[in-house]
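Novice: Starting from these lines, generate the structure:
(chains A and B, ligands or ions: 2)
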Amino acid sequence: MNIMKMISAEKIYKSFDELEVLKGVSLDVEKGEVVAIIGPSGSGKSTFLRCMNRLELIDGGSITIGGDQLVSTTSDGKVVYVEEAKARMICRRTGMVFQHFNLFPHLTVLENVIEAPMTVKGIKKEEIIPEAKELLRKVGLDDKLDSYPSRLSGGQKQRVAIARALAMKPDIMLFDEPTSALDPELTGEVLKSIRQLAEEHMTMIVVTHEMGFAQDVANRVIFMDKGEIIEEGTPEEVFGNPQHQRTQAFLNHLSAR
Amino acid sequence: MDYIFNILDQLLISTQDTFSYIFRILPAMVDGTKVTLMMFFATIALSLPLGLLLSLGRISRFRLLNSAIGVYIWLFRGTPLMLQLLFVYFGLPIIPVIGEVLVLTAFQAALLAFVLNYAAYFAEIFRGGIQSIERGQYEGAKALGMTYAQMMRRIILPQVIKRVLPPVSNETITLVKDTSLIYVLAMNDLLRTARGLVQRDFSLTPFIVAGVFYLLMTFVLTKIFARLEKRYAVYDE
Ligand SMILES: Nc1ncnc2c1ncn2[C@@H]1O[C@H](COP(=O)(O)OP(=O)(O)O)[C@@H](O)[C@H]1O
Ligand SMILES: [Mg+2]
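Specialist: Ligands and ions are numbered 1, 2, ... in the order given. Model prediction:
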C-alpha cells in the first residue's frame, strides 16, 4: 500500500438535540492530499471537521486517523471511542486552525507557538524556540515574536495560529474557514501560508468560501449541503461541470454576489 | 496676648500628652495588629486555594459534587459570618462525637469559620471568572492535545486571574475589616485591644489609632492589587 490514508471517516452521524447536522458523511483523505470542503453555511462543514479532533463527539460512524482507529460503531449502534489517553495521542496527529484564531491572549506570539510542544510533549524551551522561530519566519512574523495577539491584525493572528498548530508537527491540518473573519485585503497573506503548506505536501482539509483558492490548491473539492456530501471531484469537475443541481445553485449564487 | 500664649501652651502640653499617650499604648496596639494580621494572612492563604478547588468542583460534571458545593456556598454566603463564628466556637464542641475529637482554640475556631466563609465567596468569584473565558480558548487548547489539567493550568486559569483581580481585591480588603469580628471570641485583635484601652483610660484616642492602623493595612493591600493589575495589563483580550 503506497497510498496511505491519513483520515478515514465513515458514515459520520451527529445531532445537536433534535437537529441532525451530519447524516452519514464519509471522507477518505490520502497522504499529501488537499481537500476543500465548500457548501452553504449551516450545512455541517465545521461540525464534520470538529469531529476529526474530538471537539465534537459523533453519534454514529467511525474515524481512523493515520491508521489508528479513534472511534467506531458496533453493529447494534453503540459508539465506542478508544480510551482518553490513546484518543488524545491519535488526535494529536491533527492540527486545527479556527475561524476566530483562538490564540491565547495572555501569551506572546512566540509563547503561543511553544506552549503546546512544551506542555503536551514535554520538549525543553530552548529546544523548541529555534523551531518556533523558524515557523514564525515562514509565515512572515519573525518580527512579532514578543507581541501579544491583541496587537496583531487578523491576518497576522491567523498566521500565528497556523504556526502554533504546525509546532506540534501534525500529519494533517484542519482549517475551518481560516479567512472568513478577515478583512478582504488580509486574506491573501493567510492563503499564501496555506498554499505554501500544500506545496510542502501537507495533508489538509480546508473548509472555505474562497472558491478561487479551492480551485488552485485543492486536489479534491467536496460540496456539502444539509449534512450530506452532495458532490465531490477534482476542482475542474466540481467548479467546471457540477453534476448536482444543488451544487450548481450554490456556485451560481456565489458568483452572482 | 498673654491669654493667647496661655492657650497655645495648653494646646502644646495636651498635644505632647496625646503623643506620649499614643506611645504608651502603641505596644498593645501593635500586639493587637499582629493578631489581626495573623488571622488575615492565614485566612487568605487557606481560603484562596480552597475557593479555587471549590470552583473547579462547582463546574465539574459530577452532579453530586457540583450540587453539594452549591449548597455549601449557599449556606456560607446566606448566613452572617458572625453566626458562623459563634457556631464553630460554641456550637461544634457540644455536638456529640465531633465535639469530643475536635477541640479548637479560639484562633483555630475563628480561622476555620473565616476560611469556610471566604472560600465560598472566592469560589463564586473564580467560577464566574472561569466561565467568562470564551469557548474558543478551551477548543484551541484541546485541539493542541492538552489534557484538562494542562488546559486549566496553562491557558484558562492564568487568564482567570486577570479577570478576578478586582473582585478578589474587594473581598481581601473586606476581610481586613471582618477580622475584627473575632472580638466575640474574646481574642485580643486590634479592635478589641483598642476598645479595652478606651474603657480603661476614658479616651477615644485608641479608636483613632486603630482606625489609622486599619487604613494603613488596606492602603498597602490596595497598592499591592494595583501593582498586580498593572502587571496583568501587559496584554489585552
Ligand atoms: N454546539 C452546537 N449546538 C447546537 N447546534 C449546533 C452546534 N454547533 C453547530 N450547530 C448547528 O449545526 C448546524 C451545522 O453547523 P456547522 O457545522 O457550524 O455548519 P457550517 O460550518 O457548514 O456553517 C447549524 O445549524 C448549527 O446551528
Ligand atoms: Mg462553519
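
Novice: Dead centre of chain A: give me the residue that sits there.
Specialist: Geometric centre of chain A, nearest residue: A:Leu174, 1.4 Å, by C-alpha atoms, centre = their mean.

Novice: So it: helix, strand or coil?
Specialist: The local conformation at A:Leu174, judged by DSSP: H, G, I helix; E, B strand; the rest coil, is strand.

Novice: Same check on A:Gln243?
Specialist: At A:Gln243 the chain is in coil, as set by three-state DSSP.

Novice: for it, what are its contacts?
Specialist: A:Gln243 makes contact with A:Glu231, A:Glu237, according to C-beta atoms under 8 Å, 6 or more residues apart in numbering or on different chains. Yep, even glycine has a C-beta here, placed from its N, CA and C like the rest.

Novice: go again using 10 Å as the cut-off
Specialist: Counting by C-beta atoms under 10 Å, 6 or more residues apart in numbering or on different chains, A:Gln243 touches A:Phe223, A:Ile230, A:Glu231, A:Gly233, A:Glu237.

Novice: do you know how far the last one is from A:Gln243?
Specialist: Taking C-beta to C-beta, to the nearest Å as the measure, A:Glu237 falls 8 Å from A:Gln243.

Novice: same thing with the second one?
Specialist: Taking C-beta to C-beta as the measure, A:Ile230 and A:Gln243 are separated by 9 Å.

Novice: got any residues that touch both of the two?
Specialist: Common neighbours of A:Ile230 and A:Gln243, counting by C-beta under 10 Å, 6+ apart, are A:Phe223.

Novice: hang on, the earlier thing: so which of the contacts of A:Gln243 are in strands?
Specialist: In this view, the contacts of A:Gln243 that belong to strands under DSSP state E are A:Phe223, A:Ile230, A:Glu231, A:Gly233.

Novice: close to chain A, is the lengthiest helix in chain B?
Specialist: Counting residues, the longest helix in chain B under DSSP state H turns out to be helix B:2-58. No: judged by C-beta under 10 Å from any C-beta of the partner chain, helix B:2-58 makes no contact with chain A; its nearest approach is 17.4 Å.

Novice: and that helix, what does it pack onto?
Specialist: helix B:63-78, helix B:106-131, helix B:157-178, helix B:190-201, helix B:205-232 (3 or more C-beta pairs under 10 Å, 6 or more residues apart in numbering or on different chains; DSSP states H and E).

Novice: helices or strands next to the first one in the packing?
Specialist: For helix B:63-78, the elements it packs on are helix B:2-58, helix B:106-131, judged by 3+ C-beta pairs under 10 Å, 6+ apart.

Novice: what's the most buried one of those helices?
Specialist: Mean neighbour count (mean count of other C-beta atoms under 10 Å in any protein chain shown) peaks for helix B:106-131 among the helices and strands packed on helix B:63-78, with a mean of 21.

Novice: Show me how far it is from its chain's centre.
Specialist: A distance of 9 Å separates the centroid of the chain from that of helix B:106-131, by C-alpha atoms, centre = their mean, to the nearest Å.

Novice: Poorly predicted segments of the stretch 1-150 of chain A, please.
Specialist: For the stretch 1-150 of chain A, the stretches with pLDDT under 70 are A:1-3.

Novice: and it, which residues reach chain B?
Specialist: Within the stretch 1-150 of chain A, the positions lying close to chain B (C-beta under 10 Å from any C-beta) are A:50, A:53-55, A:84-85, A:88-108, A:112, A:115-121, A:147-150.

Novice: Weed out the non-buried ones from those residues.
Specialist: Among the residues of the stretch 1-150 of chain A next to chain B, the ones that count as buried by 16 or more other C-beta atoms under 10 Å in any protein chain shown are A:50, A:53-55, A:88, A:90-108, A:112, A:115-120, A:147-149.

Novice: Name the nearest residue to A:Phe250, sequence neighbours excluded.
Specialist: Among residues not flanking A:Phe250 along the chain, A:Pro40 sits closest, at 6.0 Å (C-beta to C-beta, 6 or more residues apart in numbering or on different chains).

Novice: just B:Glu237 next, same as before
Specialist: Spatially, and ignoring its direct neighbours in sequence, B:Glu237 is nearest to A:Pro105 (4.8 Å; C-beta to C-beta, 6+ apart).

Novice: where does the one you found land in three-state SS?
Specialist: When classified by three-state DSSP, A:Pro105 comes out as coil.

Novice: how far away is it from B:Thr33?
Specialist: Distance from A:Pro105 to B:Thr33, counting by C-beta to C-beta: 41 Å.

Novice: same question, B:Phe202
Specialist: Using C-beta to C-beta, B:Phe202 is found at 23 Å from B:Thr33.

Novice: Can you say which of the contacts of A:Gln243 are buried?
Specialist: For those, buried by 16+ other C-beta under 10 Å: A:Phe223, A:Ile230, A:Glu231, A:Gly233.

Novice: who's in contact with the first one?
Specialist: For A:Phe223, the contacting residues are A:36-40, A:43, A:45, A:229-233, A:238-239, A:242-244, A:246-248, A:250-251, by C-beta under 10 Å, 6+ apart.

Novice: you'd agree A:Thr94 is up against B:Ala143?
Specialist: Yes: counting by C-beta atoms under 10 Å, B:Ala143 is a contact partner of A:Thr94 at 7.6 Å.

Novice: Common neighbours of these two, please.
Specialist: Contacts common to A:Thr94 and B:Ala143, judged by C-beta under 10 Å, 6+ apart, are A:Asn53, A:Arg54, A:Ala165, A:Met168, A:Pro170, A:Leu174.

Novice: Present those as a markdown table; the columns should include secondary structure.
Specialist: As requested, the shared contacts of A:Thr94 and B:Ala143 are arranged in a markdown table below (three-state DSSP):
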| residue | secondary structure |
| --- | --- |
| A:Asn53 | coil |
| A:Arg54 | coil |
| A:Ala165 | helix |
| A:Met168 | coil |
| A:Pro170 | coil |
| A:Leu174 | strand |
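
Novice: The stretch 151-257 of chain A: helices as residue ranges?
Specialist: Secondary structure of the stretch 151-257 of chain A, counting by DSSP state H, counting those that start in this stretch: helices at A:154-166, A:184-199, A:211-217, A:235, A:245-256.

Novice: Output these in CSV, with distance to B:Leu112, mean neighbour count and mean pLDDT appended to each entry.
Specialist: Converted to CSV, those look like this (distance: least, C-beta to C-beta, whole Å; neighbours: other C-beta atoms under 10 Å in any protein chain shown; pLDDT from 0 to 100):
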stretch, distance to B:Leu112, mean neighbour count, mean pLDDT
helix A:154-166, 46, 25, 96
helix A:184-199, 57, 17, 93
helix A:211-217, 64, 17, 92
helix A:235, 70, 17, 94
helix A:245-256, 66, 14, 87
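
Novice: Where does pLDDT dip in chain B?
Specialist: Applying pLDDT under 70 to chain B flags the ranges B:1.

Novice: For ligand 1, what is the nearest residue in it?
Specialist: At 9.0 Å from ligand 1, B:Arg135 is the closest residue in chain B, using C-beta to the nearest ligand atom.

Novice: ok, now which ones touch that residue?
Specialist: With contact set as C-beta under 10 Å, 6+ apart, B:Arg135 has these partners: A:Leu55, A:Asn102.

Novice: how much space is there between it and A:Phe239?
Specialist: Separation of B:Arg135 from A:Phe239 (C-beta to C-beta): 34 Å.

Novice: Next: A:Arg151.
Specialist: According to C-beta to C-beta, A:Arg151 and A:Phe239 sit 38 Å apart.

Novice: okay, the two: which has more neighbours?
Specialist: Neighbours per residue (other C-beta atoms under 10 Å in any protein chain shown) separate A:Arg151 from A:Phe239, with A:Phe239 holding more: 20 against 14.

Novice: Surely that one touches A:Asn252?
Specialist: No: the criterion here is C-beta under 10 Å, and A:Phe239 misses it with A:Asn252 at 11.6 Å.
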